[in-house]
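S.K.: what's the 3D shape of this:
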Amino acid sequence: MRRRKAVAVAFVTATLLTGIVVIQAIRGKAATSERAARAPIADAFAGLPRPPRPAFTVGRPALLDRRESRARFAPVLRRVDARTEPNAEAPPVATVTERTEEGTTNILLVLSEARRQGAAWVHVRLPVLPNNRTGWVPRSALGGYRFVDTHLTVDLNRFTVTLLRDGRPVFRASVGIGRSAWPTPKGDFYIRNRLSGFGDPFYGPIAFGTSARSAVLTDWPGGGFVGIHGTNEPELIPGRISHGCIRLRNDDIVRLARLMPVGTPLTIR
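M.R.: Predicted coordinates for the structure are as follows:
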């Protein structure tokens, strides 16, 4: 009996060993076949030159500086009505033209965009009364966008003007502002144009036209637009000395002109 059990155990063991040998043989043949299949592919690429060095190496991602700010503006290509909504049937707010009252190219500060019924519209800041009005114009009425990274702020209480670039101050000076009877308007505006070559020293060497308008001098030439300009009376700065315009000493307006492009947003507070 014991002999039969031993024979049975030996038979089972031999069978298992034979199976393992067969499996290993099959795997060996498969590996050999795979290597044989890869050989022609490797040989085909063996003579090729090494790939060139990349044109640039992608660096580690970096977060944008939250102080960075960019504004965009565009020239007016044709006379068009700005509307309350991005819809050709919406009520008109104001009419904008290709030229300013000074004869320069009219520009609009862009706030946002929208698409309605397949048409592109642009939300813009308007140089009209009452101040701080905005409206929607067809994108087709404007030219290509231009970008600025500057922002001009005027503090009426401190009689100061500050120019920011990407949120950082790069210029500061004292100013003269409107008298109580002709106050400098508060709000958000933008620089529309730059003028020079005046025959009258009252305006200094350079002036910037803004989208801000006087609410009390509407009968002035051009509609009472507020300017930023030099002066022939620097001793009066700082103070309330104007009919609403913002005056700088001539040296200061020249320095500002080197730093501030047309299209710069303007905040008067």
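S.K.: Now L109: which helix or strand?
M.R.: If you go by DSSP states H and E, L109 is part of strand 107-116.
S.K.: Summarise which helices and strands that strand is packed against.
M.R.: strand 71-75, strand 119-125, strand 134-138, strand 187-196 (3 or more Cβ pairs under 8 Å, 6 or more residues apart in numbering; DSSP states H and E). C-beta: built from backbone N, CA, C; applies to glycine.
S.K.: I'd like those laid out as JSON lines, including mean neighbour count and distance to Y145.
M.R.: JSON lines is the format used below for the helices and strands packed on strand 107-116 (neighbours: other Cβ atoms under 10 Å; distance: least, Cβ to Cβ, whole Å):
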{"stretch": "strand 71-75", "mean neighbour count": "19", "distance to Y145": "5"}
{"stretch": "strand 119-125", "mean neighbour count": "20", "distance to Y145": "9"}
{"stretch": "strand 134-138", "mean neighbour count": "22", "distance to Y145": "14"}
{"stretch": "strand 187-196", "mean neighbour count": "20", "distance to Y145": "14"}
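S.K.: pLDDT below threshold where in the stretch 51-200 of the chain?
M.R.: For the stretch 51-200 of the chain, the stretches flagged by pLDDT under 70 are 51-69.
S.K.: how does it look with 50?
M.R.: Applying pLDDT under 50 to the stretch 51-200 of the chain flags residues 55-56, 58, 62-68.
S.K.: Next, the angle from the strand holding L109 to strand 134-138.
M.R.: 70 degrees (axes from the mean of the first three to the mean of the last three Cα atoms, to 10 degrees).
S.K.: so what strands line up beside strand 107-116?
M.R.: Its sheet considered, strand 107-116 pairs with strand 71-75 (antiparallel), strand 119-125 (antiparallel) by DSSP bridges.
S.K.: re the thing from before, distance to C245 added to the helices and strands packed on strand 107-116, as TSV?
M.R.: Shown next, in TSV, are those (distance: least, Cβ to Cβ, whole Å):
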stretch	distance to C245
strand 71-75	22
strand 119-125	19
strand 134-138	23
strand 187-196	12
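S.K.: Tell me which stretches of the stretch 101-250 of the chain form strands.
M.R.: Applying DSSP state E, counting those that start in this stretch to the stretch 101-250 of the chain gives strands spanning 107-116, 119-125, 134-138, 146-148, 150-155, 160-165, 168-174, 176-178, 187-196, 206-213, 225-229, 239-242, 246-247.
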